[in-house]
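>>> here is my input, please return the structure:
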Amino acid sequence: MRVTNSIAALLCVLVHAELAQSGTANTEQKANFIVGSGIYDMTGPAAQVGFMGYAKTSQIGHGIHTRLRARAYIISQLEDGDEEQDANVDVGLDLIHQKQQQQQEQKAELANERTSNVEDAAYKRAPNHNLKYERVRVGGHHRGQLSHVNANAKPKEPDGSHSAEPRTLPESVSPDNTICFVSVDIGMGSDLLNIRVLKRLEELLPAMDDTGRRLCHVDNLSISGTHTHSAPGGFLQYVLYQITTAGFSEEAMGAFVEGVAQSIVRAIGDMDQGSISVNQGKLFGANINRSPTSYPLNPQSERDEYSTDGDTDKTMVQLMIEHTWSNTSGQSQEPIGLINWFAVHGTSLNATNLLISGDNKGYASYLMEKKMNPGILPGQGSFVAAFASTNLGDVSPNTAGPRCIDTGKPCDLVTSTCGGNTNLCIASGPGKNMLESAEIIGRKQFEKAIELMEAESEQLEGTVSYRHSFVDMSNLTVTLSDGTEVQTCPAALGYAFAGGTTDGPGQFPFHQSTNTSNPFWNMISGFLSIPTQKQVDCQAPKPILLNTGEVKLPYSWDPKSVPVSIFRIGSFFILNVPAELTTMAGRRLRKAVRSILENRGIDDPYITIAGLANSYTHYVTTFEEYAGQRYEAASTLYGPHTLAGYIQEFERITSDLMDDRESSSDPPPKDLGDKQVSLIPPRAVDTVGFARTFGSVAVQPKDSYVRGRDTASASFRSANPRHNPPRAVDTVGFARTVCGHNR
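Numbering: from 1, shown residues only. Coordinates of the predicted model:
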């Protein structure tokens, strides 16, 4: 065991050393920030809970393909004088490397032993007196220290082991100069998820100032979904998103809350002086536009600006994060994580998939973390890799495109139907099946990320700051570029929404590009809410199928107040948007923010959109695309001026950020947690029959198989996983097998 673990530890050191000789370390990296990364399991119930994404009542979880994880990154500003300057402390690079190797060996040993003393706290609650915040003096400077009073509740390393001693934070680190970004392997953000995560952090973390704020708080926290369509649903607090999941799932929400909160705690425990470098590059062959008749509705002159990329964004933007130590003998660097943003939907696995999975982005994260944490089980290494979502609204991973599955012929281009039937028009990926397609698209993203890591990059430096606002998108006055004032509308969904997309058609006889209504369906939808003439005019040319913004029974069907925020890391800016922006909508938003920044003296800023963050408001198209009323336009909740409203609000908070001015805010969304309804079946009593035991073999594998033709299989007598929520250490070996080549 020790020989194996020593080899694993050596591999970790060699990988990081190799990276230090290329890529991010091609120039000496200076510590410009305080950084930390953390990862935690958030898989949730693996059976009997419907998935969120395709809105198919038949897509109910039946097991796990790959586990779901929360990946957190905490970045704080490094003030002058924060760096260690004690001349009496002379630590050579050889001693630092020796310490790193010892730490990696300990991590590998603990991770692979998987003993019972490595306890996962996924469904436990810690009392709020377990943590305290202290000021200590290190290297001639006062520093903050997070430490647990109870030894049994010490901060954990990413492999589940406890730190030998708590990390120290500079005194200057505060909630005012820190951002907290969490990428989660689920469909999207949720305002109720944020509410509960913040409450959980109040239990896990000490207050940082007189206001009672924790290091991560409502204004500086972004929880962004990767948009996999193969994760449990029932965690959004609005009725519309619970119809196909049989209501609210407390089990899913509990797993998600704990996963996000614990990943943040680990990231804070990992914080140390570090550097962040940025790079970007083109990735072709990994996405297509699934609404190809909508994109040409945008002005030709605007489309000409993006002739290289065409109708989807091809740029991957990536941050590389390292711990950096300076001493009298030189510098030492340890990569602790990366975040990148590339536009592609998490729909490589289609609506027939019943296994929980991170889809293509989850697989890309798995590959990167496997490479950077060799010999360590998935989810337990110190290097954390997030392949995050961005403006992917009209972007599909199914690069083979849609075909009629009955004839093999192309679908009708405008309506995405075959003989008038949407369910026969299905897009497919580059692989022989959906699993292989997810692997191919995931591997493409992984390989591009490696290329960016190894290429020359730009080191970030400067301010860490943010601005946040809640905006009532149901009644926002928007001033257009010509001075005209228009209004957004209460939420509503059009007919084409029910038609679905070529990634996943709807369940009813609707199709895309529908600009007229139907008396029968108007009557059916009228039982929920009959839109007023003002609402009809406001949403036009969308024919309203579901007037969700004005339905209040049994509680709200769609959000009204939504969060928007901007993060700054030097010359790098993250726009946290609670929606799926189409390709051109995202381009317009970035261009508008870029203009504000350049007018404030920021030359060549990096701007990325973190999609599906902190809440979910469906899609956002351009005004021109809205007129086409394909799926994305019909799902643009707040009317034809939704994008203009978002652009106006991001221009406002960006100006506030650059002018050092507080941002005004509408009231936050209500916490509807006590109103939630669930019709998810209860957990029945597990039995395996007389004289049988759980875990025993029910069907033995055959004595022999033909390579390349047969599939080896065996059946075991098991219990409902909802009775005993799976812990990361319990099933991580299985997850490693099914998502690798031994699948």
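
>>> ramachandran coordinates for the closest residue in space to Met271 that isn't next to it in sequence?
Excluding its sequence neighbours, the residue lying closest to Met271 (Cβ to Cβ, 6 or more residues apart in numbering) is Gly36, at 3.5 Å. Yep, even glycine has a C-beta here, placed from its N, CA and C like the rest. Backbone geometry at Gly36, expressed as degrees, to the nearest 10, gives phi -160, psi 150.

>>> Pro299 contacts Glu624, doesn't it?
Yes - Pro299 lies in contact with Glu624 (Cβ atoms under 8 Å); the separation is 7.3 Å.

>>> what about these two, which has more around it?
Glu624 (17 against 12; other Cβ atoms under 10 Å).

>>> tell me how many other residues crowd Pro640.
Pro640: 23 neighbours (other Cβ under 10 Å).

>>> correct me if wrong: Gln539 contacts Ala491.
No - using Cβ under 8 Å, Gln539 is not in contact with Ala491; the gap is 9.4 Å.

>>> before we move on, the earlier item: the residue nearest to Met271 contacts Ile264, correct?
No - using Cβ under 8 Å, Gly36 is not in contact with Ile264; the gap is 9.4 Å.

>>> three-state assignment of Tyr466?
Here Tyr466 is strand, with the state taken from DSSP: H, G, I helix; E, B strand; the rest coil.

>>> low-confidence stretches in this structure?
1-28, 81-169, 327-329, 507-513, 515-527, 725-743 (pLDDT under 70).

>>> of Gly36 and Ile264, which one has the most company?
Set Gly36 next to Ile264 and count neighbours by other Cβ under 10 Å: Ile264 wins out with 29 against 26.

>>> any idea which helix or strand carries that one?
helix 250-269 (DSSP states H and E).

>>> continuing past that helix, what's the next helix or strand?
That would be, after helix 250-269 and using DSSP H and E, strand 272-282.

>>> which parts of that next one are buried?
272-280 (16 or more other Cβ atoms under 10 Å).

>>> and these, which is closest to Val464?
Ile276 (9.8 Å; Cβ to Cβ).

>>> so which residues of the stretch 401-550 of the chain form helices?
Counting by DSSP state H, counting those that start in this stretch, the stretch 401-550 of the chain has helices at residues 434-454, 495-499, 519-526, 533-539.

>>> could I get these as a markdown table with distance to Asp191 and mean neighbour count?
A markdown table is the format used below for the helices of the stretch 401-550 of the chain (distance: least, Cβ to Cβ, whole Å; neighbours: other Cβ atoms under 10 Å):
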| stretch | distance to Asp191 | mean neighbour count |
| --- | --- | --- |
| helix 434-454 | 28 | 22 |
| helix 495-499 | 21 | 27 |
| helix 519-526 | 25 | 13 |
| helix 533-539 | 23 | 16 |
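
>>> and those helices as TSV, adding distance to Asp472?
Putting the helices of the stretch 401-550 of the chain into TSV (distance: least, Cβ to Cβ, whole Å) gives the following:
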stretch	distance to Asp472
helix 434-454	36
helix 495-499	22
helix 519-526	24
helix 533-539	15
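
>>> would you mind giving the buried residues of strand 272-282 as CSV with distance to Leu589 added?
Output for the buried residues of strand 272-282, formatted as CSV (distance: Cβ to Cβ, whole Å):
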residue, distance to Leu589
Asp272, 34
Gln273, 33
Gly274, 29
Ser275, 29
Ile276, 23
Ser277, 25
Val278, 19
Asn279, 22
Gln280, 17
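
>>> off-centre distance for stretch 602-613?
Relative to its chain's centre, stretch 602-613 lies at 16 Å (Cα atoms, centre = their mean, to the nearest Å).

>>> assess the claim that Tyr619 and Leu392 are in contact.
No - Tyr619 is beyond contact range of Leu392, at 10.2 Å (criterion: Cβ under 8 Å).

>>> what residues are shared contacts of these two?
Jointly contacting Tyr619 and Leu392 under the rule Cβ atoms under 8 Å, 6 or more residues apart in numbering are Glu580.

>>> which one of these two is surrounded by more residues?
For Tyr619 versus Leu392, the count of surrounding residues by other Cβ under 10 Å is larger for Leu392: 28 against 23.

>>> skip the chain neighbours and tell me the closest residue to that one.
Ala343 (4.5 Å).

>>> Val478 against Val471, yeah?
No - Val478 is not in contact with Val471 according to Cβ under 8 Å; the separation is 10.9 Å.

>>> and these two? Which one has more around it.
The neighbour count for Val478 versus Val471, taken as other Cβ under 10 Å, is higher for Val471 (23 against 20).

>>> look up how far Asp309 lies from the residue lying closest to that one once chain neighbours are set aside.
Closest residue to Val471 apart from its sequence neighbours, by Cβ to Cβ, 6+ apart: Glu649 at 5.2 Å. Distance of Glu649 to Asp309, computed by Cβ to Cβ, to the nearest Å: 26 Å.

>>> same check, this time on Leu367
25 Å.

>>> do the same with Ser183
23 Å.

>>> just Glu625 next, same as before
Counting by Cβ to Cβ, the gap from Glu625 to Asp309 is 17 Å.

>>> quick one: which of these two has more around it?
Per other Cβ under 10 Å, whichever of Glu625 and Asp309 has more neighbours is Glu625, with 29 against 15.

>>> go ahead and confirm that one touches Pro292.
No - using Cβ under 8 Å, Glu625 is not in contact with Pro292; the gap is 11.5 Å.

>>> hey, where'd the helices end up in the stretch 201-350 of the chain?
Using DSSP H, counting those that start in this stretch, helices in the stretch 201-350 of the chain cover 250-269, 300-304.

>>> noted, bye for now.
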